[in-house]
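Engineer: Using only what follows, build the 3D model:
(chains A and B)
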Amino acid sequence: MRVGRYVQKFGRIPKELRFLLRQYVDNLRETLARDRDQGLLEAVVVDRLGRALSPRGAGGHAIRALGARALTRMQTAVQTGAAARLLSVAAVITLAVGLRVLDLNRIGFNSDEAVYSGQAGALIGDSAMGEFFSVFRAHPLLLQVLLGGLFSIVGISDLAARLFVTFFFGVGSIALTYLLASRLYGHRIGIVAAAIMAVLPYHVLVSRQVLLDSPLTFFVLLAMWFTARGIDDRSGRWLVWAALSAGLATATKETGVLLLPIIGAFLLASGAWRRLPAGRLAQGLVLFALLVAPYPLSRLLLAPHNGSSYLLWQISRPPNHEADYFLRVLMDFGGIVFLGLALLGLIRLVTRYEGKGNALILLWTVVFMSFFQIWPTKLFPYLMPVIPALCIGAAIGLDACAGWFAAAVSAWRRLQWPLARSFVALMSIALAIYLGVASLSIVRNGPEARGQPFQFDVEVHDFAGGREFGLWAKEHTPPDARFLTIGPSIGNVLRFYGHRESVALSVSPDPRYRNPAYVPVPNPDLWFRENGLHYIVWDFYSAERSVFYNASLMRYARKYGGAVVYAVYEEPDGTLATATGAPPQGVTPRVVVYDAVGGDPLVEIAPISESMTTRGEANFDLNLSFTGSVLGP
Amino acid sequence: MRPPRLFLWALVIAAVGLAQAGWRPPAGASADGETEASHIDHVVVVLEQNHTFDSYFGKYPGANGLDSPAALAASERGLTSVPYSEALRPRILAAAPEGGEFLSNARPAALDAYNGGAMDGFLTAQQTRGLDGELSMIYYQGRGVDPLWDIADEYVLFDNYYSSVLGDSLPNMLHLTAGTSYGITLGSASTLAQIADGDHPTLFDQLTDAGVSWKFYVAGLESLDKEKILQGEYLKPEAHRPATLYWAPIVVMKRFWTDPKLNAGLADQGQFFDDAAAGKLPSVSFVLPSPTDHPANPLSIAQQRLVSIVNAVGKSPQWERTALFAIWDEWGGFYDHVAPPQVDEHGLGFRVPALLVSPWAKRGYVSHVQYDHVSVLTFIERRFGLPPLSPRYQSANGFEDAFDFEGLPREAPALSLASIPPTPVGTREENRSTLLMYLAALGTAAVVGAALLVRYRQAHG
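Structural biologist: Take a look at the predicted model:
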């Protein structure tokens, strides 16, 4: 009856849409009536079910009509082999979901996840999030707006945010990769590309996080898919949709703007621009501008000085990684086989592979990769928007291998292609198992499973304990307590979970080298003596990355009588545990909190010792043991 | 017809506008008079410890402090006040091993210091007990007490507020919470035993009987062993007694553990912050924080705790109808130059610091009206219509001079402890405007996209 009521309320829907809906339902009803008259058993069942659910209402018609439509499609699918294709896609999606949902919330947010979710909370007026997170930071806010909508329904929740991003954008990107690749190169390439992406450790790792790169990739894929659909379309309407998707991508993260030169160059290279109506181009550009406009407009109107601060910082940032950083990322989190196949596939696209979208895939890869390579700041998730292109390339590379294999066994004429097909299937399965096991290992054990995570800034497992620390701080410290940390990252986690303020030693007083979102600490001693700093927080992630500030933090802990009041540590079996006081011997501390109020500021500062200068060794001092409750309620 | 309609519309719009702006008539327009009863629904009393007025506010501008003629005259008699410096800290710690008293604050020492009103026995009161007498002459100023002075700058400081008894915590806290010390002038196991059993009435019994909500937020409440209290274990001479028993005497009274109605009023310190944030503070709250500024706790962290409590109340939804008193229980062995008036055989005791924080408190006002702990008790009793507990109630001044009920309640500034700039964040309005910009763009794009789709489908069937 409910459906019926909605259908009966067509009067509130615009005239055109109402017309289309009626037409659609009428068509379906006719189909059902025909099938039923022909005695098709399923059609009769659906018809009766619809009558039982809604004997007289329009809802019953709609249910019956939709059922008939589904039946017709199923019949067609079985007849044309689409069912098998659908099953293979379902299997890939299931695999993708499994790898992305497993232990999804075992470790709390990392710094960026906390910031984006905190911004979402601030946008919807959450007072705690608004107090700690500025909406005017380095990136546009489309994802944060969507998360805000989610939070306004389910409340602010790390798990809900991760599920949303993982399912909608992470798994959605895999589905879109299939649609794009199968449209350009057929089902075989599509399903192999999607399968590779589903199990690729890099994509698994990044798409499980609430980062901008996952939705950016989704919208990039959407733009590519619309562009690919528009190759043979003279009306230019797909281009409008592609521009709209590019606008969504850019409203998610600035690098989405690279889609404009990619699509533009593709239109030129393919000659499609000649038959493109100018009106469509204008519509597309207007839609793009409309979606992108809130980012600069909100800055200009509401925080006019903020934009220049970020621009200065972005331009002045020194390179944070070597030139071969992304190559090493792909080697460690994709593997040499994947990389080799992807390169092979891209070369084949240039040389001899048939397909109208070759130029699109190549432009996509080259433009994004070139930009990330030239841009001085290199971070782990940046490669996400290129990953689908590389996966399609790898699928094409695998196909090329099959061709070579078929040529090699051409003597066996009858078996030549069955063997080649088996070869592709076996190679695909072997690659999927290899990558899937690697992904599973990362999901269960963290990125350490793939080498030294601090070399890559993989901010996942290193933040283990951050959530526990934040929740402890919220429960056990005064609302105005302020924490001193090594770097600002753990501070963001503290703000999100603990609603407490912090400052970080590594934040530069020089605005050229400082993220404007953070407050520098020009004179920690002064703030300690003014009673402005109350706790000192050592965290594994920051300590691992900054030897100097790690040592500096411990000097202040000693100087101001730091006593360990709380610790989160990892047991040898990988489980997280907490201690009120110093953690036991033989475990890996993740976060150690020192009470910093009992010291004598006249104590001489200890020099930085040799033991504190080894990169990658997270140094801390548990000898500063807890001696009694000082601040905790 | 046109002008009257316009006029009516203008009235309606103005009424809606004023309602939106949260307008309320000026306090002076109220017909039932402007008293705390019509503006204060929540009273919070924060208990600090063991300092005199001169030790914290002796140098506060405009207060009766160490630069007054009487204090300067005392200085000429050899009672030289010493500004606190870090160099003194080792002496304080040496004098207070294992958290013990570094100055004697019990009644005999208080009487020696008082010396019949001459107020010249502070050094010798300590020295004759083998203690470092010069420490009693310490006073703080500048960074050492910035948070306290900041509160005084913003709200009301009382420079004529006395502890109720020449003595230590227990009798003073009893005066605050029961209006009398039942003859007790010294905190000890035997005097605690006097109040452990029986029905000595307290403010909290009265509030419970009257159906007025209350809570006593006691830091470290969970560390008290209920069974030991009920069995009297803590009161045995050789037992280790938590100091909380002296500072919050109701926790030693057995009925506050056995009577569910009374026991429901005991809460831990953490609950205070939760209640304040949720707007669930009861009508009367007492807060014994941890740490207090009891010597030799570091002052900085104690002040941080006090500021946290003040800020928590300031941010509470109940702020507009709240008055917070921060009061120090007793002298702690420190020097004060004003001889306390003696209203009965036990006191008054030496001057102690006291602050009033409220949206209705005068800004930066130093009150010279005489008060003591009984004044706070009487304030609560009068506000909630309770019968007076203390024999001193008739002479207890109200706090009329400290409030200003004219106009609108003021916003609570977030008291900062240091010159750390706040993290740059947008205002709520800026965040909302940003959200609206994005929603408008998305909505427009969705409508345009849908229109294009419809047009296309119409054109192509």
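
Engineer: what about residue B:267, neighbour count?
Structural biologist: With neighbours defined by other Cβ atoms under 10 Å in any protein chain shown, the count for residue B:267 comes to 18. For glycine as for every other residue, the C-beta is placed from the backbone atoms N, C-alpha and C.

Engineer: Could you check how far it is from residue B:288?
Structural biologist: The gap separating residue B:267 from residue B:288 is 11 Å, by Cβ to Cβ, to the nearest Å.

Engineer: what do the two both touch?
Structural biologist: B:216, B:217, B:218 (Cβ atoms under 8 Å, 6 or more residues apart in numbering or on different chains).

Engineer: beta partners of the first one?
Structural biologist: In this entry, residue B:216 is beta-bridged to residue B:266, residue B:286, by DSSP bridges.

Engineer: you'd agree it is up against residue B:264?
Structural biologist: No - using Cβ atoms under 8 Å, residue B:216 makes no contact with residue B:264, being 10.7 Å away.

Engineer: The two - which one has more neighbours?
Structural biologist: Taking neighbours as other Cβ under 10 Å, residue B:216 and residue B:264 compare with residue B:216 leading, 25 against 13.

Engineer: Could you tell me which ranges of the stretch 501-633 of chain A sit under the pLDDT cut-off?
Structural biologist: For the stretch 501-633 of chain A, the stretches flagged by pLDDT under 70 are A:529-531, A:561, A:596-633.

Engineer: The same query, at a cut-off of 50, please.
Structural biologist: The model of the stretch 501-633 of chain A has pLDDT under 50 over residues A:598-618, A:622-633.

Engineer: re earlier: if we only consider the shared contacts of residue B:267 and residue B:288, which is nearest to chain A?
Structural biologist: Closest approach to chain A among those (Cβ to the nearest Cβ): residue B:217, at 9.0 Å.

Engineer: For the closest residue in space to residue B:347 that isn't next to it in sequence, list the residues it contacts.
Structural biologist: Once flanking residues are discounted, residue B:347 sits nearest to residue B:165: 4.3 Å by Cβ to Cβ, 6 or more residues apart in numbering or on different chains. Applying Cβ under 8 Å, 6+ apart to residue B:165 gives the contacts B:107, B:171, B:172, B:175, B:181, B:185, B:330, B:346, B:347, B:348, B:349.

Engineer: Looking at these, spot the one nearest chain A.
Structural biologist: Distance to chain A across the contacts of residue B:165 (Cβ to the nearest Cβ) is lowest for residue B:330, with 22.8 Å.

Engineer: what's the spacing between residue B:84 and chain A?
Structural biologist: Separation of residue B:84 from chain A (Cβ to the nearest Cβ, to the nearest Å): 13 Å.

Engineer: Can you get me a residue count around that residue?
Structural biologist: Using other Cβ under 10 Å, residue B:84 is surrounded by 18 other residues.

Engineer: shouldn't it be in contact with residue B:139?
Structural biologist: Yes - under the criterion of Cβ under 8 Å, residue B:84 makes contact with residue B:139 at 6.8 Å.

Engineer: Would you mind grabbing the residues shared as contacts by the two?
Structural biologist: Counting by Cβ under 8 Å, 6+ apart, nothing touches both residue B:84 and residue B:139.

Engineer: quick one: secondary structure of the residue nearest to residue B:347?
Structural biologist: Here residue B:165 is coil, with the state taken from DSSP: H, G, I helix; E, B strand; the rest coil.

Engineer: In the chain, where is pLDDT below threshold?
Structural biologist: Since you didn't name a chain, this refers to chain A. Low-confidence segments of chain A, defined by pLDDT under 50: A:1-4, A:6-11, A:453-454, A:598-618, A:622-633.

Engineer: that's the other chain; I wanted chain B
Structural biologist: Looking at chain B by pLDDT under 50, you get B:1-4, B:6-7, B:10-11, B:14-33.

Engineer: mind listing the strands for it?
Structural biologist: B:42-48, B:82-83, B:138-139, B:156-158, B:161-162, B:214-218, B:266-267, B:284-288, B:322-328, B:354-357, B:365-367, B:371-372 (DSSP state E).

Engineer: now do chain A
Structural biologist: Listed in chain order, the strands of chain A (DSSP E) span A:482-485, A:501-504, A:535-539, A:563-570, A:576-579, A:588-595.

Engineer: burial of residue 338, as a residue count?
Structural biologist: With no chain named, the answer covers chain A. Residue A:338 has 26 nearby residues by other Cβ under 10 Å.

Engineer: Switch to chain B, please.
Structural biologist: For residue B:338, using other Cβ under 10 Å, the count is 19.

Engineer: residue contacts, the residue lying closest to it once chain neighbours are set aside?
Structural biologist: Residue nearest to residue B:338 in three dimensions, not counting chain neighbours: residue B:351, with 5.2 Å by Cβ to Cβ, 6+ apart. The contact partners of residue B:351, by Cβ under 8 Å, 6+ apart, come to B:52, B:53, B:54, B:159, B:160, B:161, B:162, B:163, B:336, B:338, B:340.

Engineer: from memory the first one sits against residue B:349, does it?
Structural biologist: What it means is residue B:52. No - using Cβ under 8 Å, residue B:52 makes no contact with residue B:349, being 9.6 Å away.

Engineer: Residues in contact with both of these two, list them for me.
Structural biologist: Shared contacts of residue B:52 and residue B:349 (Cβ under 8 Å, 6+ apart): residue B:331.

Engineer: dump the residue contacts of residue B:158.
Structural biologist: Counting by Cβ under 8 Å, 6+ apart, residue B:158 touches B:353, B:354, B:355, B:356, B:366, B:367, B:369, B:371, B:402.

Engineer: Please report the distance of the residue sitting nearest the centre point of chain B from residue A:280.
Structural biologist: Among the residues of chain B, residue B:326 comes closest to the average C-alpha position under Cα atoms, centre = their mean, at 2.5 Å. Going from residue B:326 to residue A:280 by Cβ to Cβ gives 70 Å.

Engineer: How about the longest helix that chain A contains, which residues are buried there?
Structural biologist: Secondary structure of chain A per DSSP state H: the longest helix is helix A:413-445. Across helix A:413-445, burial judged by 16 or more other Cβ atoms under 10 Å in any protein chain shown covers A:416, A:419-420, A:423-424, A:427-428, A:431-432, A:435-436, A:438-440, A:442-443.
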